[in-house]
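[1] Here is a sequence together with a model predicted from it:
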Amino acid sequence: DRFVHEMARVHRADAKLDAIILRETFADRADDLETALVLVKDASERACRSDALGRLLDIVVALSAILEKEETGKAAGGKPGDARSRYKLASLARLATVPAKSSAGDRTGLGGDTLLHHLSKTVEAKAGAGDVLRWAESSGEGFRKASAASAPAEVRERVAELRRAVRDVEAEAAACERDSQRNGGGEDVNSRLAASLRAFAAEALVRLDVLWATSEAADESAARLLVAFGPAPKGTAPGDVLRTLGEFAEAFERATAENRRARMERGKE
């Protein structure tokens, strides 16, 4: 009861409480937004500039062409050269489930009988395979985390919300200054709170400007990602591309490990 009574005597208690809560939680909230942007930006740039991924996708495209040729021979409506066939990532998810047609000799050293296991075997047999295998080992988790992060546009919405909240803090700081002046000026509770809130607001607005600029840079990287592997199907978001790459990298790594175990069991290593 005493606490309620004392709070009732505080001018604009709700506004002061909101300002103080924002001041205490702002850093963590801004850090979370920055982490999401960095994840999307770094993963998008890594995918776009990866020579290892480019070499791997060249082989995938060849396998995809074979799949499309077989499918168009069985069903009408699939036309070679359409947007799906030009999009290099279109068949990545299918490689782990489509069974490969191979002889017993072709299956030597395979830990499974899918196109993905054959892809792994083919890559390991090529020069420079180490770079591709290291790409798969180091990329899956990063792409998956980036795909789950907030999109840059969503981050900008939160930045805008935080900016409005900081402006409210500035308004409360000004109100506290007026209260202090009405009480005769000098240093008092209101003047100290006003100074603290103004200092926080100034730093927060700078941080939000940086976050906004970072979100625009992340957007540019994500936009490049959408066209890096050919025209993506309509409605594809950068997060979809990152999710596809992450799931493929992890599946490729598992297939490679299964192949190696199979070779060891057969005494090939």
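    Received, thanks.
[2] Show me which residues of stretch 49-66 are buried.
    Ser50, Ala52, Leu53, Gly54, Arg55, Leu56, Leu57, Val60, Val61, Leu63, Ser64 (16 or more other CB atoms under 10 Å). Heads up, the C-betas are built off the backbone N, CA and C, glycines and all.
[3] OK, contacts around the first one?
    Put plainly, it is Ser50. Residues near Ser50 by CB atoms under 8 Å, 6 or more residues apart in numbering: Trp135, Ser139.
[4] Report the lowest-confidence entry in the buried residues of stretch 49-66.
    Minimum pLDDT for the buried residues of stretch 49-66 is recorded at Ser64 (68).
[5] Generate JSON lines for the buried residues of stretch 49-66, with distance to Ser196 and secondary structure as supplementary columns.
    Converted to JSON lines, the buried residues of stretch 49-66 look like this (distance: CB to CB, whole Å; DSSP: H, G, I helix; E, B strand; the rest coil):
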{"residue": "Ser50", "distance to Ser196": "47", "secondary structure": "coil"}
{"residue": "Ala52", "distance to Ser196": "51", "secondary structure": "helix"}
{"residue": "Leu53", "distance to Ser196": "50", "secondary structure": "helix"}
{"residue": "Gly54", "distance to Ser196": "53", "secondary structure": "helix"}
{"residue": "Arg55", "distance to Ser196": "56", "secondary structure": "helix"}
{"residue": "Leu56", "distance to Ser196": "55", "secondary structure": "helix"}
{"residue": "Leu57", "distance to Ser196": "54", "secondary structure": "helix"}
{"residue": "Val60", "distance to Ser196": "57", "secondary structure": "helix"}
{"residue": "Val61", "distance to Ser196": "60", "secondary structure": "helix"}
{"residue": "Leu63", "distance to Ser196": "63", "secondary structure": "helix"}
{"residue": "Ser64", "distance to Ser196": "61", "secondary structure": "helix"}
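[6] how far away is Val40 from Ala15?
    35 Å (CB to CB, to the nearest Å).
[7] no wait, Ala151
    32 Å.
[8] Could you pull out the helices in the stretch 51-200 of the chain for me?
    51-74, 83-86, 92-95, 115-125, 129-148, 152-182, 189-228 (DSSP state H, counting those that start in this stretch).
[9] Between those helices, which has the poorest mean confidence score?
    Among these, helix 83-86 scores lowest, with a mean of 52.
[10] returning to what we had before: look at Val40 and Ala15 and report which has more neighbours.
    Neighbours per residue (other CB atoms under 10 Å) separate Val40 from Ala15, with Val40 holding more: 27 against 16.
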